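*Asks:* Return a 3D structure for these sequence lines:
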Amino acid sequence: MMRKILAVVLCIFACLAATGFRSEASLHQQVDLDLTLLDNEAVHAQIFQMLVAPEEYTGKTVRMQGNFTPYQAPQVSPVLNPGQHYLSCVITDEHNCCSQGIDFQLAEGGHQQTPYPAAGSQITVVGRFQLAEVNGYSYTYVADARLE
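*Replies:* Residues are numbered from 1 along each chain as shown. Below is the predicted model:
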């Protein structure tokens with residue numbers, strides 16, 4: 001009887017594996033820094049640290065959750081390309097007083113939905129944290145991103 005139960009359990013796991021089943025734990029193992037696991041205060045402290053010392057995080061895979069915020073760069077900008085459209089994930093605190101946004105660039109094929117999510121809607125972004133020098137300024141963003 002015990003062998004039959006064990007055989008059934010193993011068969012179930014084999015079927016789940018064959019159909020692409022991934023547990024929540026395995027999803028979180030794919031990233032170096034998962035901001036979605038942090039409480040509100042900790043996520044803002046972590047983002048602040050990422051912006052103060054970006055070299056320590058460059059190349060690391062991050063997961064973040066916030067509001068989808070597309071925007072167009074102003075015509076006069078020392079860092080952004082004037083007039084270019086950017087995508088950002090804006091993370092607000094529980095009191096809606098402090099927001100921190102991180103731009104992201106979708107990987108080719110990283111967005112299956114057409115059109116983009118509505119501005120202000122909740123999104124989860126996964127990608128590589130990058131640091132670039134633009135006109136003598138540091139610009140941080142998440143590259144090769146995908147929306148979950």
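
*Asks:* Return the residues in contact with the residue positioned nearest the centre of the chain.
*Replies:* Nearest to the mean C-alpha position of the chain, by Cα atoms, centre = their mean, lies residue 125 at 2.6 Å. Applying Cβ atoms under 8 Å, 6 or more residues apart in numbering to residue 125 gives the contacts 63, 64, 65, 66, 89, 104, 142, 145, 146, 147, 148. (Each C-beta comes from the backbone N, C-alpha and C, glycine too.)

*Asks:* ok, now how distant is residue 101 from residue 30?
*Replies:* Taking Cβ to Cβ, to the nearest Å as the measure, residue 101 falls 23 Å from residue 30.

*Asks:* Compare the two and say which one has the larger neighbour count.
*Replies:* It is residue 101, of residue 101 and residue 30, that has more neighbours when counted by other Cβ atoms under 10 Å, with 17 against 11.

*Asks:* I'd say that one and residue 66 touch.
*Replies:* Yes - in this structure, residue 101 is within contact of residue 66 by Cβ atoms under 8 Å, at 7.4 Å.

*Asks:* And the contacts of residue 125, which two are furthest apart?
*Replies:* 66 and 146 (15.2 Å; Cβ to Cβ).
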